[in-house]
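Colleague: Sequence and predicted structure, then a few things I'm wondering about:
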Amino acid sequence: MARTRFGTDGVRGTANTELTPELILALGRAVARTITATSFLIGRDTRKSGPMLQAALSAGLTSEGADVVDVGVLPTPALAWLSARRDLPAVVISASHNPFADNGIKLFGAGGVKLSEQIEQDIEEELDRILDPMAKGPRSLEGHGVGTVRSEPGLGEPYVDYLVGILDGRTLDGLHVVVDSANGSASDVAGDVFRRLGAEVDVIGDEPDGTNINAGCGSTSTELLANAVVEHGAHLGLALDGDADRLLAVDSTGRLVDGDALLALFARDLAERGQLAGNTVVVTVMSNLGFRLAMEGLGIHVEETSVGDRHVLAALDQEGLTLGGEQSGHIIFRRLATTGDGLLTGLVLADLLARSGSSLTELLDGLVTPVPQTLVNVPGVDTSLLEELDAVQAAIAEEAEALGETGRVLVRASGTEPVVRVMVECTEPGAAEAVASRLSTLIAHELTLAAVTRDQAAAEAAEIEQA
């Protein structure tokens, strides 16, 4: 059976081929053995494969004696909030922004914080033992030792209550908002948050059928939202992803506003009100150079982490900071949440517009001037070989040195998809595209060659062993 590996945001793969029910059952057993808890919360997004994998994971957990509380379809941040409220570990069956055929497993420890890399490694090692036919595991439980599964629907309502209460009595009266729920896990709750606060709300992407999650809608495809905002004459458009833990925005003209621009808005607002702890905002290496320059101009310190909101959260907690996030729209307000929350981010943004009396376009004017950035994905390669290729590493260093202070180069294996991402920024027109093209071509060639060489060596070794 194929192995599974944790990436930057849990385990992901194609449902029923890479993430089979058998594998997920074994993963459930490994989780129960590693995270010693009497009960686990389990929720999912709207993918067709969700109930299948949720049943398999529940079977694995209960076979090891843990009870399962099935909360049904809920946003990932709602599970994190419940995890913190009830002090129970939580599992979300979701592949976030990926196409519907993919699925994944996200894990939160009791308290609503994503697991450390060490605990994920422990789970992987336990999973290996479970899948090894020669390994002896604990004696199977029976009778009263087996866990139970119970359903607890309707928990979206208390989560909405929590979000509404964040504004401390302020309202969104007079604000017209369009929300795109990506046909995902926030489809039933997104509109309620803003309506209860007095906003006029139009909701799109709220008719999930199991296969249309993220399809031409949500944060991965904002054209539909932009058109709706302009058509309805709305003040603001909010684009969630499939599990609603990230958010991108659209202003009244239909212009896209990414996570960097949103973070800049929030950092400036909090700093002006004396609520930006340490006068610092935490971002990942993917944030645009223009964001860093904007913060420098405002006298706000920027701390940088590896990609993944878990790393952002760790930096926030380590230094007692309050704001951090990613260009992709994962934004963490640490005093309000334990993870990125798209609905919370949208609510804070709408409140900022209401408090300021200004449009999003006006608030963004002159704040961030993005440095031209090119992102190229190199698909269909074995990303585990990337760090071993001297020719690639030398080329990256050479290109970065040539750019100097006018730009930067970042090459990394994706933690959520089987691709290598090549990101280049440069103030000189056309330079980023040229560098990204050269590097991506070289990486594709070298990784393909390395995989062929490795496979040939393995085949020769197998022939020698058989002889």
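Modeller: On my side now, so go ahead. Numbering: from 1, shown residues only.

Colleague: what's the spatially closest residue to T369 that is not a sequence neighbour in contact with, if anything?
Modeller: Nearest residue to T369, sequence neighbours excluded (Cβ to Cβ, 6 or more residues apart in numbering): G290, at 5.1 Å. The C-beta positions use only the backbone N, C-alpha and C, and glycine is treated the same way. By Cβ atoms under 8 Å, 6 or more residues apart in numbering, the contact set of G290 is 260, 368-371.

Colleague: Of those residues, grab the buried ones for ChimeraX.
Modeller: Selection of buried members from the contacts of G290 for ChimeraX, criterion 16 or more other Cβ atoms under 10 Å:
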select :260,368,370,371
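
Colleague: between the contacts of G290, which is nearest M423?
Modeller: Among the contacts of G290, V371 lies closest to M423 (Cβ to Cβ), at 11.4 Å.

Colleague: Would you mind confirming that that closest one makes contact with R292?
Modeller: No - counting by Cβ atoms under 8 Å, V371 sits too far from R292 to count as a contact (9.1 Å).

Colleague: got the buried residues for the longest helix along the chain?
Modeller: What stands out as the longest helix in the chain, according to DSSP state H, is helix 431-466. Using 16+ other Cβ under 10 Å as the test for burial, helix 431-466 gives 431-432, 435-436, 439-440, 442-444, 446-447, 450.

Colleague: model confidence over it, on average?
Modeller: Helix 431-466 carries an average pLDDT of 88.

Colleague: Equivalent analysis for stretch 357-367, please.
Modeller: Computed over stretch 357-367, the average pLDDT equals 97.

Colleague: roughly how far out does that stretch sit from the chain middle?
Modeller: Computed by Cα atoms, centre = their mean, to the nearest Å, the chain-centroid distance of stretch 357-367 equals 27 Å.

Colleague: What of stretch 150-160?
Modeller: 22 Å.

Colleague: now the end-to-end length of that stretch.
Modeller: 22 Å (Cα to Cα, to the nearest Å).

Colleague: what comes up buried for it?
Modeller: Buried residues in stretch 150-160, counted by 16+ other Cβ under 10 Å: 155-156, 159-160.

Colleague: So which of the residues you listed are in helices?
Modeller: 156, 159-160.

Colleague: ok, of the buried residues of helix 431-466, which one's closest to E231?
Modeller: Within the buried residues of helix 431-466, the smallest distance to E231 is 33.9 Å, found for A432 (Cβ to Cβ).

Colleague: my guess is the closest one meets T374, correct?
Modeller: Yes - between A432 and T374 there is a contact under Cβ under 8 Å: 4.2 Å.

Colleague: between these two, what contacts are shared?
Modeller: In contact with both A432 and T374: 424-425, using Cβ under 8 Å, 6+ apart.

Colleague: can you give me the offset of stretch 290-308 from its chain's centre?
Modeller: That offset, for stretch 290-308, works out to 20 Å (Cα atoms, centre = their mean).

Colleague: Which positions within that stretch qualify as buried?
Modeller: In stretch 290-308, counting by 16+ other Cβ under 10 Å, buried: 290-292, 294-295, 300, 302-303, 305, 307-308.

Colleague: with those residues in mind, which one is nearest to L53?
Modeller: Nearest member of the buried residues of stretch 290-308 to L53, counting by Cβ to Cβ, is G308, at 22.3 Å.

Colleague: Need the ones in helices among the buried residues of stretch 150-160 in JSON lines (columns: distance to E272 and pLDDT).
Modeller: Putting those into JSON lines (distance: Cβ to Cβ, whole Å; pLDDT from 0 to 100) gives the following:
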{"residue": "G156", "distance to E272": "34", "pLDDT": "94"}
{"residue": "Y159", "distance to E272": "30", "pLDDT": "97"}
{"residue": "V160", "distance to E272": "29", "pLDDT": "97"}
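
Colleague: Could I get the full set of helices for the stretch 151-300 of the chain?
Modeller: 156-165, 190-195, 223-232, 259-272, 289-298 (DSSP state H, counting those that start in this stretch).

Colleague: which strands and helices sit next to the third one?
Modeller: With contacts defined as 3 or more Cβ pairs under 8 Å, 6 or more residues apart in numbering; DSSP states H and E, the secondary structure elements packing on helix 223-232 are strand 176-180, strand 200-204, strand 236-240, strand 247-250.

Colleague: Between the two ends of stretch 379-396, how far is it?
Modeller: 18 Å.

Colleague: Please apply the same query to stretch 196-211.
Modeller: By Cα to Cα, the extent of stretch 196-211 from end to end equals 30 Å.

Colleague: Below-threshold pLDDT in the stretch 1-150 of the chain: ranges please.
Modeller: Low-confidence segments of the stretch 1-150 of the chain (pLDDT under 70): 1-4.

Colleague: Assess the claim that G28 and A55 are in contact.
Modeller: No - the pair G28 / A55 is not scored as a contact, 10.1 Å apart, by Cβ under 8 Å.

Colleague: Looking at these two, which has the bigger crowd around it?
Modeller: G28 (29 against 17; other Cβ atoms under 10 Å).

Colleague: got the buried residues for stretch 242-256?
Modeller: 242-252, 254-256.

Colleague: What is the most widely separated pair among these?
Modeller: Farthest pair in the buried residues of stretch 242-256 (Cβ to Cβ) is D243 and S252. Separation: 27.3 Å.

Colleague: Over to G10: give its phi and psi.
Modeller: Recorded main-chain torsions at G10 are phi 90, psi -160, according to degrees, to the nearest 10.

Colleague: Return the residues in contact with it.
Modeller: 92, 104-107.

Colleague: Using CSV, list the CA coordinates for whichever strand or helix holds K106.
Modeller: Secondary structure from DSSP states H and E places K106 in strand 102-109. Only the C-alpha atoms of strand 102-109 are listed here, as CSV (Å, rounded to 0.1, in the frame of the first residue of the first chain):
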residue,chain,number,x,y,z
ASP,A,102,-8.5,15.3,-4.5
ASN,A,103,-9.0,15.1,-0.8
GLY,A,104,-7.0,15.3,2.3
ILE,A,105,-6.7,15.1,6.1
LYS,A,106,-6.0,18.1,8.3
LEU,A,107,-5.3,17.5,12.0
PHE,A,108,-5.6,19.8,14.9
GLY,A,109,-4.4,19.0,18.4
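
Colleague: Now do it: which elements does it pack against?
Modeller: strand 11-14, helix 21-34, helix 50-63, helix 76-86, strand 90-93, strand 113-114, helix 117-131.

Colleague: Give me the contact list for that strand.
Modeller: 9-15, 19, 24, 27, 31, 35, 47, 49-50, 53, 57, 76, 79-80, 83, 89-96, 98, 114-115, 119-120, 123, 243, 338-339.

Colleague: do that again at 7 Å, thanks
Modeller: The contact list for strand 102-109 (Cβ atoms under 7 Å, 6 or more residues apart in numbering) reads 9-15, 19, 27, 31, 35, 47, 49-50, 53, 76, 79-80, 83, 89-95, 114-115.
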